[in-house]
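Engineer: Provide a 3D model corresponding to the input given below.
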Amino acid sequence: MTFSLSVIMSVILLVVTVDVAVSQPKMIEDTSLLWSTELTAGTYGTVKAAMAEEADLLFVATVNSINVLRASDGSIIDSISTRTPSRTNATQVACSRDGKVLCLLYRYYPVDGDSGGAMIMEYPSKRIIHENVCPPVSIPGGGGILWQSSHVSVSPTGRYVVVPWDAQARIKLIDLQRDTSWLVQGHSWLPTAFDEAETVCVTWDGPNNINDENRGQCRVSWLDNPLSQYKTFASNYGRSSEDTYLGLSRDGRYLFHGGYATESMFDRPVNPGFTVWEVATGRVMNQVHYSGCYGYWGFSPTS
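Structural biologist: Numbering: from 1, shown residues only. Have a look, this model is predicted:
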C-alpha cells in the first residue's frame with residue numbers, strides 16, 4: 001500500500017511538473033557553435049565581418065586579406081588580398097546582400113601617421129570599381145580619419161556606399177548608379193543604416209552647437225538629395241560613440257539609437273538605454289533608460 005501510494009504521488013508530481021513546463025514559453029539554452037575559425041595573428045581590434053545573406057557568404061577582415069567563408073558551414077572558399085607594396089591591414093569590410101558589391105577599408109603599410117584608404121569592388125570578379133575613395137592623408141582644416149574605429153557601409157542592393165572622410169563629422173556617400181557623391185554630416189564611428197527600398201539612410205552626427213548637452217544627433221537623409229532633404233533627432237546617450245548602436249527599420253518608418261554612455265557633454269551621468277522614433281512625425285515611440293549592463297538592439301525584418 002505504501003509502495004502504491006508512493007507511485008501515485010510520483011505520477012501526480014510528474015503530471016504537475018509537465019503541465020507547468022508546457023504552460024511556459026520554451027527556452028532554448030544551446031550555446032554550441034555552428035562553426036568557428038581562427039583569424040590571422042595580429043588582427044586589429046575586434047573582428048570585422050559582413051554577411052551577404054542572399055549569397056550565404058561571410059566576408060571577414062584579417063591582417064592581409066578578406067577571407068570569404070561559406071556561412072552555412074564556415075568553409076573558407078576564397079580570399080581577397082590587401083597586401084601590396086602600398087597597403088595592408090584590412091580593418092573593415094561591408095557588402096551588399098547578394099555579395100556582389102564590397103567596400104574594403106584598410107591601413108597603409110608601413111603605418112605612417114595612421115593613414116589608410118578604401119576601395120569598392122565587384123565580387124566574385126574582384127574588379128575594382130573605385131579606388132582611393134577616401135581623402136588624402138591630410139586635408140587642410142579637416143583632420144585625420146580614425147581608421148581603426150571607422151566603418152564602411154553598403155546599401156542592401158549595393159547602389160550606395162559610405163566611407164569615412166575626415167574628423168569633422170563628415171562621411172562620403174557614393175551613389176554608384178548616378179556616379180556621384182556627397183559629403184554628409186555623420187561620424188564614421190557608427191555604420192550607416194539604409195531602408196530596404198534605399199530611399200533614406202541614417203548617420204550619427206556631431207552636436208548642433210556648443211550647448212548641445214547630448215553632443216550628438218541622428219540624421220536621416222533622403223537619398224534623392226541628402227544635402228538638402230534630411231531630419232535630425234537628438235541623441236540621448238552622451239559623448240561615447242563606440243558603445244552606441246544606430247538602426248533603421250527595413251521599411252524606413254522607425255529610427256533607433258541606443259547605447260551605453262557614462263557621461264554627457266557636461267559630464268552628467270547618462271544611463272544605458274535606447275530611443276525609437278517614428279521618422280515621418282519625429283514622435284518618440286519608445287524610450288528606456290536603465291541601470292546595469294548594456295546590450296545590442298535592433299529591428300526584426302518586419303520592423
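Engineer: Helices of the protein, start to end?
Structural biologist: Under the criterion DSSP state H, the chain contains helices at 2-22.
Engineer: Where does the prediction get shaky in it?
Structural biologist: Residues of the chain meeting the criterion pLDDT under 70: 1-47, 83-88, 109-114, 136-144, 167-168, 206-216, 236-243, 260-270, 292-296.
Engineer: Grab the CA positions of stretch 118-138 and hand them over as PDB.
Structural biologist: The C-alpha coordinates for stretch 118-138 follow below in PDB (Å, rounded to 0.1, in the frame of the first residue of the first chain):
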ATOM      1  CA  ALA A 118      39.100  52.400 -49.000                       C
ATOM      2  CA  MET A 119      38.100  50.700 -52.300                       C
ATOM      3  CA  ILE A 120      34.900  49.500 -53.900                       C
ATOM      4  CA  MET A 121      35.000  46.200 -55.900                       C
ATOM      5  CA  GLU A 122      32.700  43.700 -57.500                       C
ATOM      6  CA  TYR A 123      32.600  40.100 -56.300                       C
ATOM      7  CA  PRO A 124      33.400  37.400 -57.300                       C
ATOM      8  CA  SER A 125      35.200  39.000 -60.300                       C
ATOM      9  CA  LYS A 126      37.200  41.200 -57.800                       C
ATOM     10  CA  ARG A 127      37.200  44.000 -60.300                       C
ATOM     11  CA  ILE A 128      37.900  47.300 -58.600                       C
ATOM     12  CA  ILE A 129      35.100  49.800 -59.300                       C
ATOM     13  CA  HIS A 130      36.600  52.800 -57.500                       C
ATOM     14  CA  GLU A 131      39.900  53.000 -55.700                       C
ATOM     15  CA  ASN A 132      41.200  55.600 -53.200                       C
ATOM     16  CA  VAL A 133      37.700  56.800 -52.400                       C
ATOM     17  CA  CYS A 134      38.800  58.300 -49.100                       C
ATOM     18  CA  PRO A 135      40.700  61.600 -49.000                       C
ATOM     19  CA  PRO A 136      44.500  62.100 -48.900                       C
ATOM     20  CA  VAL A 137      46.400  61.600 -45.700                       C
ATOM     21  CA  SER A 138      45.600  65.100 -44.600                       C
END
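Engineer: List the contacts of that stretch.
Structural biologist: With CB atoms under 8 Å, 6 or more residues apart in numbering as the test, stretch 118-138 has contacts from 68, 78, 80, 95, 99-106, 113, 115-117, 142, 144-145, 152, 161, 163-166, 172, 174, 176. In this view, the C-beta of every residue, glycine as well, is placed from N, C-alpha and C.
Engineer: For Thr232, name its beta-bridge partners.
Structural biologist: Beta-bridge pairing for Thr232 (DSSP bridges): Arg219.
Engineer: which ones are touching it?
Structural biologist: By CB under 8 Å, 6+ apart, Thr232 lies in contact with Asp205, Asn208, Gln217, Cys218, Arg219, Val220.
Engineer: So the third one is in contact with Leu246, correct?
Structural biologist: If I follow you right, that is Gln217. No - under the criterion of CB atoms under 8 Å, Gln217 makes no contact with Leu246, lying 11.0 Å away.
Engineer: Spell out which residues are contacts of both of those two.
Structural biologist: By CB under 8 Å, 6+ apart, Gln217 and Leu246 have these common neighbours: Trp204.
Engineer: Comparing those two, which shows the higher neighbour count?
Structural biologist: Neighbour count, other CB atoms under 10 Å: between Gln217 and Leu246, Leu246 has more, with 24 against 21.
Engineer: What sits closest to the more buried one if chain neighbours are left out?
Structural biologist: Leu190 (4.9 Å; CB to CB, 6 or more residues apart in numbering).
Engineer: cool, Tyr230 as well?
Structural biologist: Distances taken as CB to CB, 6+ apart place Ser221 nearest to Tyr230, at 4.3 Å, with adjacent residues excluded.
Engineer: how close does Trp165 sit to Ala234?
Structural biologist: Distance of Trp165 to Ala234, computed by CB to CB, to the nearest Å: 23 Å.
Engineer: And those two? Which one has more around it.
Structural biologist: Ranked by neighbour count (other CB under 10 Å), Trp165 and Ala234 place Trp165 first, with 23 against 15.
Engineer: Quick check, the more buried one in contact with Leu183.
Structural biologist: Yes - assessed by CB under 8 Å, Trp165 is found in contact with Leu183 at 5.9 Å.
Engineer: Common neighbours of these two, please.
Structural biologist: Ile171, Lys172.
Engineer: picking up where we left off before, any quick ChimeraX command for the buried ones out of the contacts of stretch 118-138?
Structural biologist: Command for ChimeraX that selects the buried part of the contacts of stretch 118-138, burial taken from 16 or more other CB atoms under 10 Å:
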select :68,80,95,99,100,101,102,103,104,105,106,115,116,117,144,145,152,161,163,164,165,166,172,174,176
